Every structure is written in structure tokens, then in C-alpha cells.
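Colleague: okay, here's the prediction I keep looking at, along with the sequence it came from:
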Amino acid sequence: MRKKIVAGNWKMNNDSQQTQALLSDILNKRPQDTATKIVVAPTFVNLQSAVIQTKGSNVIVAAQNMHQAESGAFTGEISVGMLKGIDVNTVILGHSERRAYFGETNSILAEKVNTALKHNLTIIFCFGEELADRQSGNHFNVVESQLREGLFHIGESQWTNVVLAYEPVWAIGTGETASPEQAQEMHNFIRTLIKENVSADVSEHTSILYGGSVKPDNAQEIFSKPDVDGGLIGGAALKADDFLAIVNAI
Ligand code: PEP
């Protein structure tokens, strides 16, 4: 059985009061007996308070990013040790906004992956094609390169700390969702790649989330596909009721 996961990426939204209020709404209304892992990713400045607020609950707090170096002269950056020091043990890497606006290449991401896994963090590794890639039929090649260059170098035993998030860029924040069939087709392709390049066991046990305009009204259909193990949610994660409706759709 693969883990089912719904993760909310709050991006650069919510000051500390808003973060606290949203989290307390989620904590009050969340299903407590669910096997689904519930993850929230506030901004760096709100991580520590979120960790304290969620202590003893089934809500996991993740960072949205981290630097690949362990420490040093990298003004404005956050290291893996700083995350671990406040009990943040999960990090999102390679979100399309990091790739597009902050120059995160596959090779930088490979370094981030190494640093995070070396320190035993769980990574939610994001990747996905742009609209032009999909329109030209190049989407499978793009996804394969992102995985080969950013992730497939890790050892087989390290995959226990890896969650994948397939996020077609054309579906992020656009209201345009990949159809459940398109999501399933790509997730199945990814699972086959893992089987061929890592192992059948890792392929069977790695959770692959879908991200891109998942909302309460489309979540159930997307999550019903056999290779979709949950979602990475942006806009709809900013309202507790919407986010939890998506959690409950699994
Ligand atoms: C995201 O940013 O990872 C995302 C999936 O956003 P949205 O749900 O708003 O499309």
C-alpha cells in the first residue's frame, strides 16, 4: 500500500496571524482517523510557529524550499540544518515557480536532493512540463529528463524519503486541470520509469501526487486513478474547508 498524501503549498501567502488562523481551522476540522498524510507548507518565517501549533497532531509541516549548501555566504537563504533545528523534516523541492523565477535547474535540484536526503529529510520533488511541451508532444521527454537529471542518481534505499509531485506547469494556478486520464497516463509513465531505472519495489511504493488546479469538485475523480496517490494543492489550500474537502476526497 502506498501512502496517500495531500499537501498544501501556501506559497508567499499569509502573515503570522493568518497562518495561525488557517492552521487552527485545519486542526479543528481535519479528519483525525485518516490514513491520509496531511502536509502544510507555510513560508519560512511561519514554519516554527506552525511546528509548535501542530505538535501532537497528524498534520505535517513542510518547508517550500531550502538551499543546497550546508551553510555559508548565501544571503537570504535557509539551510537544511536550520529546518531540522526547528523540527521541520519535510521539504518541497523543484516547484515550477522555483524553476521558472529563481533559476533552479535540474543540476541545482540534484544538489538540493542530495543535501536534503543526507540529513534524512523527506522531499516532495516537483516536476512537470510546460504548455509548449505538451502541445508539441514532448511532455514525456521533459518529465523523463527532469527525473533523470534531478533525482535518479540517488541510491535505492533513499527512495523511502521521496514523494513525487507531477505538476504540469500549464495547470498550476490557471484553473486548467489535466484530465484524470492525462494525469493517470503520466503517473503510469513515471511509475514505469522508476521500475526500469530503480526497482519494481520502489516503483510500487513511491507516492506520486498530482498538482495543478485541484479543487474540491475535481479532486475525487483525479484521486480515483490508480497511480495518483494524492495531491499538491496551491490556491485551494488557502481555505481550510476547500483543503479539507480535498483531503476527504481521497
Ligand atoms: C502548486 O502551486 O503547486 C499548485 C498546484 O497550485 P494550484 O493548485 O493553485 O494550481
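Modeller: Yep, that arrived. Computed from a predicted structure; not experimentally measured. Numbers count the residues shown, from 1 in each chain.

Colleague: all contacts plus neighbour counts: C-alpha atoms, from now on.
Modeller: Will do.

Colleague: any idea how far Asn28 lies from Asn58?
Modeller: 12 Å (CA to CA, to the nearest Å).

Colleague: okay, those two: which has more neighbours?
Modeller: Asn58 (18 against 11; other CA atoms under 10 Å).

Colleague: pretty sure that one contacts Ile38?
Modeller: Yes: counting by CA atoms under 8 Å, Ile38 is a contact partner of Asn58 at 6.9 Å.

Colleague: nearest residue to the middle of this structure?
Modeller: Ile124 (4.0 Å; CA atoms, centre = their mean).

Colleague: does the ligand sit close to the helix or strand hosting that one?
Modeller: Assigned by DSSP states H and E, Ile124 falls within strand 122-127. No: using CA under 6 Å from any ligand atom, strand 122-127 stays clear of the ligand, with a minimum separation of 8.2 Å.

Colleague: give the rounded mean pLDDT of that strand.
Modeller: Per-residue pLDDT values over strand 122-127 give a mean of 98.

Colleague: for that strand, which strands pair with it and how are they oriented?
Modeller: Strand 122-127 sits in its sheet next to strand 90-93 (parallel), strand 162-166 (parallel), going by DSSP bridges.

Colleague: show me the contact partners of the shortest one.
Modeller: Under the contact criterion CA atoms under 8 Å, 6 or more residues apart in numbering, strand 90-93 has outside partners 60-66, 109, 112-113, 116, 121-126.

Colleague: so the residue of the chain positioned farthest from its centre, which state does it fall into?
Modeller: In terms of distance from the mean C-alpha position of the chain, Ala73 ranks first, at 27.6 Å (CA atoms, centre = their mean). Under DSSP: H, G, I helix; E, B strand; the rest coil, Ala73 falls in the coil class.

Colleague: tell me the backbone dihedrals of it, please.
Modeller: Note on Ala73: backbone dihedrals following degrees, to the nearest 10 are phi -80, psi 80.

Colleague: residues touching it, list them.
Modeller: Counted by CA under 8 Å, 6+ apart, Ala73 has zero contacts.

Colleague: now it: how far from Ala21?
Modeller: Distance from Ala73 to Ala21, counting by CA to CA: 35 Å.

Colleague: over to Glu111?
Modeller: 35 Å.

Colleague: mind listing the strands for the chain?
Modeller: 5-9, 37-41, 59-61, 90-93, 122-127, 162-166, 208-211, 230-233 (DSSP state E).

Colleague: will you turn those into a markdown table that also has distance to Gln135?
Modeller: Putting the strands of the chain into a markdown table (distance: least, CA to CA, whole Å) gives the following:
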| stretch | distance to Gln135 |
| --- | --- |
| strand 5-9 | 27 |
| strand 37-41 | 31 |
| strand 59-61 | 36 |
| strand 90-93 | 26 |
| strand 122-127 | 17 |
| strand 162-166 | 17 |
| strand 208-211 | 19 |
| strand 230-233 | 23 |
